[in-house]
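Visitor: just to be clear, the model below is a prediction. Sequence and coordinates:
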Amino acid sequence: MKVAIVSPIPLFPLNAGNRSRVLNLARTIRSLGHQVEFIYLESRQPESFDTDAHHEEFGASRVTVLHRTGAALWLYRAKRVAWLLRRIAARVAGHRDGYYTGLDELYSTTFSKQLRRLQDERGFDAVFVEYVFYSRALDAFPDSVIKVLDTHDIFADRHIPFIGRPGAQNYMFSISQKRENDGLRRAQVVLAIQAEEGAVLSARLISTKHAPEVAVLSHLLEPCAGVDSRAHADAAFLASNNQPNRDALAYFMKEVLPRIVAVVPQFHLHLLGGIAGAVDDHPNLIKRGPVKNLADAFASAPISINPMLLGTGINIKLLESMQYGLPVVTTRLGARGLTANCLRGVTVVGDSDAQGFADAVIRLVRDTDHRAAEGAAARQSARLWHDAQLQVLRRTLDGNLAQIAPEQRASPETGWQKTELPISVHN
């Protein structure tokens, strides 16, 4: 079948977890024998788009960039200014609407015309749209197409946990629950990134008309060779430069790192990804930044730390390090979304247990056999995880969602959160 992935984020350069999720989704769909085309919606802030890499991945004829131009661009800008003024006025009045982005605020209507033309030309059988803020793209496709909304996260009232915190404005987007539901109902299938979020969305949508199926499809993992954890004993923190990751790193640097180096002064933390630019130099830090080859980076720092204190969704960086065979030390919040059978090789400590976190890292640093055994267990957990996600993806593409057995519904192991209403397409 022909599958279109419609995304407001480019996939290359591959420097963020959301890009990795969409790229691995595309590759896995191809591995199932389907043809995949990538359709990029020009975003509100121009991002680095590596054209050659996209063409190499999909083929030049299967990559399409949709632009806002002419009158459509000016209408889009006018809409954004209107929304900004509305938020400013609401905040001055002390109203919570001052925090909300409009459901379709980021979407340009000119995209719909271009998408309809592509559908007429190429006849897609299924379409995946990334993020609820671009869900209007689904309305451009006929009812005969399997319409899938890949949520990445729940954005209803997303700003609330950030209120009163440093960087309080850095919550990406926040939307009212009602408007998020409106966006979700545009799909036949809604993909949540973890079971907990799937349950929330199912409970929310079950009482609404035109309720879509809700499935849990977390991060798909690309096959890779494991690293040898015996040669080195440093740790890695793989993360983009956003507020939750900055908070996590600040906590580790202040509360955990001093406890580690007091026992093993030769310990180093390698910062991989954009997070390397978010902290000052430190004698026990190695700031490597974006890396092209994770295997090489992990080989010299084969312990993964995940000291998250704030955030939602699944921790893609945690799963990616597990697939390479890295033992993981994580806060409880950082392990969110992982099922019990996929936690082997992962040490989970309390969110404020700095000493417990340090002790777990120290043991991995000092005990080579323990480090290797935990790394092997983490790699096996990652395989089990991927197999469960692959089952969900197959069912989504088969279009047989209503036939899922009752005992498989709302099961984290199978990944399904089933609404009790039949599928109804909303256009």
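Guide: It's in. Numbers count the residues shown, from 1 in each chain.

Visitor: going forward, measure contacts between C-alpha atoms and count neighbours the same way
Guide: Noted.

Visitor: what sits against F58?
Guide: The contact partners of F58, taken as C-alpha atoms under 8 Å, 6 or more residues apart in numbering, are V36, E37, F38.

Visitor: tell me how far D120 lies from Q114.
Guide: According to C-alpha to C-alpha, to the nearest Å, D120 stands 10 Å off from Q114.

Visitor: what about those two, which has more around it?
Guide: Q114 (15 against 12; other C-alpha atoms under 10 Å).

Visitor: and that one, what's its pLDDT?
Guide: Predicted confidence (pLDDT) at Q114: the value is 96.

Visitor: skipping its backbone neighbours, what lies nearest it in space?
Guide: L66 (7.2 Å; C-alpha to C-alpha, 6 or more residues apart in numbering).

Visitor: tell me what the one you found is bridged to.
Guide: L66 has these beta-bridge partners by DSSP bridges: L41.

Visitor: dump the residue contacts of the closest residue to T51 other than its chain neighbours.
Guide: Leaving aside its chain neighbours, T51 sits nearest to F12 (8.0 Å; criterion: C-alpha to C-alpha, 6+ apart). By C-alpha under 8 Å, 6+ apart, F12 lies in contact with R19, S48, F49, D50, T51, A53, H54.

Visitor: of the residues you listed, keep whichever come out buried.
Guide: R19, F49, T51, H54 (16 or more other C-alpha atoms under 10 Å).

Visitor: what about these, which are in strands?
Guide: Among these, no member falls in strands (criterion: DSSP state E).

Visitor: from these, which is closest to A187?
Guide: R19 (21.4 Å; C-alpha to C-alpha).

Visitor: the closest one: what's it in contact with?
Guide: I9, P10, L11, F12.

Visitor: pretty sure the second one is touching F49, no?
Guide: Looking back up the chat, that one is P10. Yes: the pair P10 and F49 qualifies as a contact (C-alpha atoms under 8 Å) at a distance of 6.0 Å.

Visitor: what about E56, neighbour count?
Guide: Other residues lying near E56 total 10 when counted by other C-alpha under 10 Å.

Visitor: likewise S207?
Guide: 12.

Visitor: report pLDDT for it.
Guide: For S207, the predicted pLDDT is 74.

Visitor: pick the one among the buried ones among the contacts of F12 closest to R259.
Guide: R19 (34.5 Å).

Visitor: per-residue pLDDT, the closest one?
Guide: 89.

Visitor: check L338 too.
Guide: In this prediction L338 is given a pLDDT of 81.

Visitor: and the gap between it and D387?
Guide: In terms of C-alpha to C-alpha, L338 sits 14 Å off from D387.

Visitor: more crowded one of the two?
Guide: L338 (21 against 14).

Visitor: for that one, what is the enclosing helix or strand?
Guide: According to DSSP states H and E, L338 maps onto no helix or strand at all.

Visitor: repeat for P244
Guide: helix 243-251.

Visitor: for the protein, what's the longest helix?
Guide: For the chain, the longest helix by residue count, based on DSSP state H, is helix 368-398.

Visitor: go through it and flag the buried ones.
Guide: Here helix 368-398 shows 368, 370-372, 374-383, 385-386, 388-390, 392-393, 396-397 as buried, counting by 16+ other C-alpha under 10 Å.

Visitor: surely N241 touches G277?
Guide: Yes: between N241 and G277 there is a contact under C-alpha under 8 Å: 7.4 Å.

Visitor: of the two, which one has the most company?
Guide: Neighbours were counted for N241 and for G277 using other C-alpha under 10 Å; G277 has more, 17 against 14.

Visitor: residue contacts, that one?
Guide: G277 touches N241, K287, G289, counting by C-alpha under 8 Å, 6+ apart.

Visitor: I'd like the distance between it and N242.
Guide: 11 Å.

Visitor: strands along this protein, start to end?
Guide: Using DSSP E, strands in the chain cover 2-7, 35-41, 63-66, 126-130, 146-150, 189-192, 213-216, 235-238, 269-272, 285-289, 303-306, 328-331, 346-349, 416-417.

Visitor: pick the most deeply packed of those.
Guide: Comparing those by mean neighbour count (mean count of other C-alpha atoms under 10 Å), strand 213-216 ranks first with a mean of 31.

Visitor: show me what that strand is packed up against.
Guide: With contacts defined as 3 or more C-alpha pairs under 8 Å, 6 or more residues apart in numbering; DSSP states H and E, strand 213-216 has these neighbours: strand 189-192, helix 195-205, helix 368-398, strand 416-417.

Visitor: ok, now how distant is S112 from R68?
Guide: On the measure of C-alpha to C-alpha, S112 and R68 end up 11 Å apart.

Visitor: circling back: and the longest helix of the chain, how far out from the chain middle?
Guide: 17 Å (C-alpha atoms, centre = their mean, to the nearest Å).

Visitor: quick one: list the elements packing against that helix.
Guide: Counting by 3+ C-alpha pairs under 8 Å, 6+ apart, the elements that helix 368-398 packs against turn out to be strand 213-216, helix 316-323, helix 354-366.

Visitor: which stretch in those has the least confidence?
Guide: helix 316-323 (a mean of 87).

Visitor: measure how it sits relative to helix 368-398, angle-wise.
Guide: Angle of helix 316-323 versus helix 368-398, following axes from the mean of the first three to the mean of the last three C-alpha atoms, to 10 degrees, is 120 degrees.
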